[in-house]
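Q: From the sequence below, what's the structure:
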Amino acid sequence: MNKLALFAGGGGVLIGAAAMMVAGGGAVSQSDPDRARIEGIVREYILAHPEIIPEAIQRLQDKQLAKVIGDNRVAYETPFAGAWAGAEKGDVTLVEFFDYACGFCRRSNPDIERLLKEDKKLKVVWRELPVLGPDSEAASQVSLAAAQQGKFKAFHDKLFAAGRPTPAAVAAARQAIGVAPVPDSAEFRGEIEKNYELARAINATGTPTFVVGDQVLQGAVGYDALKDAIAKARTK
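A: Sure, this is the predicted structure:
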């Protein structure tokens, strides 16, 4: 749905909902003689304060995303093998969809590390989302192998520290951490396809995308935003 349609639909929803509020919370039927008057009042208010439309649309989208996450929480928060760190039974789980070729993911890695060191009740789950080409896809295969072999975090940090996931960089990180080579794996392909589906369900536009509680944060939002999201999730 494009933004124009969202705004048009959002305006209609606002008018209808506000009309009910003006009427004291009861339903306003099509035949109600006050309906046109009430909707006129609401329409004039919205025209005078158009800034409430994107705010209301955002709240609606947030509510819809929260439902998607809630309905599929186990799928989002259950890691592939050892692709997680922190408290095994943490009270909050931070999920990161990432790509080794993504500079913003690389920039976010120290923020995640800081949160893990400071917050002993936090669990972090990483989900491979190799959207940036063949090098990303090849790196994700080795990364999933590392997760199976109990060496995910060490490989993850080593490869991000190396910069771009070139074949040489991936090979060097694999050898340094001791990740055994794994042939093309249907299990790995299935994991990545599942991650694409999970990302599409929350309208992820790229990497990194974070899921914390019922919230979705897109991009390298930084330590403070992630910490605030964790605190908000913890209150629920």
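
Q: what's the strand or helix carrying residue 115 in contact with?
A: In the assignment (DSSP states H and E), residue 115 maps to helix 103-118. If you take CB atoms under 8 Å, 6 or more residues apart in numbering as the criterion, helix 103-118 is touched by 85-86, 94, 96, 98-99, 122, 124, 156-157, 160, 163, 207-208, 219-223, 226-227, 230. For every residue, glycine as well, the C-beta is placed using N, CA and C.

Q: what about residue 124, which SS state?
A: Under the three-state scheme (DSSP: H, G, I helix; E, B strand; the rest coil), residue 124 adopts strand.

Q: An error on my part: the question was meant for residue 94.
A: Applying three-state DSSP: residue 94 is strand.

Q: Please work out how many residues are found near residue 82.
A: Applying other CB atoms under 10 Å, we find 16 residues neighbouring residue 82.

Q: From residue 166, how far out is it?
A: 24 Å (CB to CB, to the nearest Å).

Q: And residue 46, by the same measure?
A: 53 Å.

Q: ditto for residue 75
A: 32 Å.

Q: can you check residue 57 too?
A: Taking CB to CB, one finds residue 57 at 42 Å from residue 166.

Q: Between these two, which has more neighbouring residues?
A: Ranked by neighbour count (other CB under 10 Å), residue 57 and residue 166 place residue 57 first, with 18 against 14.

Q: what comes up buried for the helix or strand hosting the more buried one?
A: According to DSSP H and E, residue 57 maps onto helix 52-71. By neighbour count with 16 or more other CB atoms under 10 Å, helix 52-71 contains the buried residues 53, 56-57, 65-66, 68-69.

Q: would you put the C-alpha positions of it in PDB?
A: Provided in PDB are the C-alpha atoms of helix 52-71 (Å, rounded to 0.1, in the frame of the first residue of the first chain):
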ATOM      1  CA  ILE A  52      -2.000  13.900  13.600                       C
ATOM      2  CA  ILE A  53      -2.500  11.800  10.500                       C
ATOM      3  CA  PRO A  54       1.000  10.300  10.100                       C
ATOM      4  CA  GLU A  55       1.200   9.900  13.900                       C
ATOM      5  CA  ALA A  56      -2.100   7.900  13.900                       C
ATOM      6  CA  ILE A  57      -0.900   5.900  11.000                       C
ATOM      7  CA  GLN A  58       2.400   5.100  12.700                       C
ATOM      8  CA  ARG A  59       0.500   4.000  15.800                       C
ATOM      9  CA  LEU A  60      -1.700   1.700  13.700                       C
ATOM     10  CA  GLN A  61       1.300   0.200  12.000                       C
ATOM     11  CA  ASP A  62       3.100  -0.300  15.300                       C
ATOM     12  CA  LYS A  63       0.000  -2.100  16.600                       C
ATOM     13  CA  GLN A  64      -0.100  -4.300  13.500                       C
ATOM     14  CA  LEU A  65       3.600  -5.200  13.800                       C
ATOM     15  CA  ALA A  66       3.200  -6.000  17.500                       C
ATOM     16  CA  LYS A  67       0.500  -8.500  16.600                       C
ATOM     17  CA  VAL A  68       2.700 -10.100  13.900                       C
ATOM     18  CA  ILE A  69       5.500 -10.400  16.400                       C
ATOM     19  CA  GLY A  70       3.300 -11.700  19.200                       C
ATOM     20  CA  ASP A  71       1.700 -14.300  16.900                       C
END
